[in-house]
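J.: For reference, the sequence and a predicted model appear below.
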Amino acid sequence: MRSFFVLGVLALAASTAAAQGANGKTLYEANCKKCHGVAGKPSDGIKKMNPKIETFDAAFFAKRSDADLEKGIAEGKGKMKPFHEKMKPDEIAAVAKYIRTLKP
């Protein structure tokens, strides 16, 4: 009886996590922060290696829809590798949504 309870709790936890969707912050920190910085502003060293990398500021977002952000993450741009094979579409969307919250 106890094992059924434990399995039920585990199943509930898994379904709750799935219902909450992808965590954009966690994904950003694991995959993007190294180059784009904690707050969306690349370090001077990264800018030296990749002068075209942009800061996630109001001007950057003014020129891009959510679909544009998702496409950029999925396909990559310039020296940025594409993430379509590493992340699912809902994870890419979560990262795109999260980066809009950054304040460089």
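T.: It's in. Numbers count the residues shown, from 1 in each chain.

J.: What segments of this structure are helices?
T.: Along the chain, the stretches classed as helices by DSSP state H are 2-20, 24-31, 33-36, 44-49, 58-62, 66-75, 89-99.

J.: Which of these comes out lowest on mean pLDDT?
T.: Averaged per stretch, pLDDT over the helices of the chain is lowest on helix 2-20, reaching a mean of 44.

J.: For D66, list the residues it contacts.
T.: Contacts for D66 (Cβ atoms under 8 Å, 6 or more residues apart in numbering) come out as 93, 96-97. (Each C-beta comes from the backbone N, C-alpha and C, glycine too.)

J.: Equivalent analysis for G72, please.
T.: Residues touching G72, when contacts are defined by Cβ under 8 Å, 6+ apart, comprise 64, 80.

J.: again with I92
T.: Neighbouring residues of I92 by Cβ under 8 Å, 6+ apart: 70, 73-74, 83-84.

J.: Kindly report the same for K33.
T.: Under the criterion of Cβ under 8 Å, 6+ apart, K33 has no neighbours.
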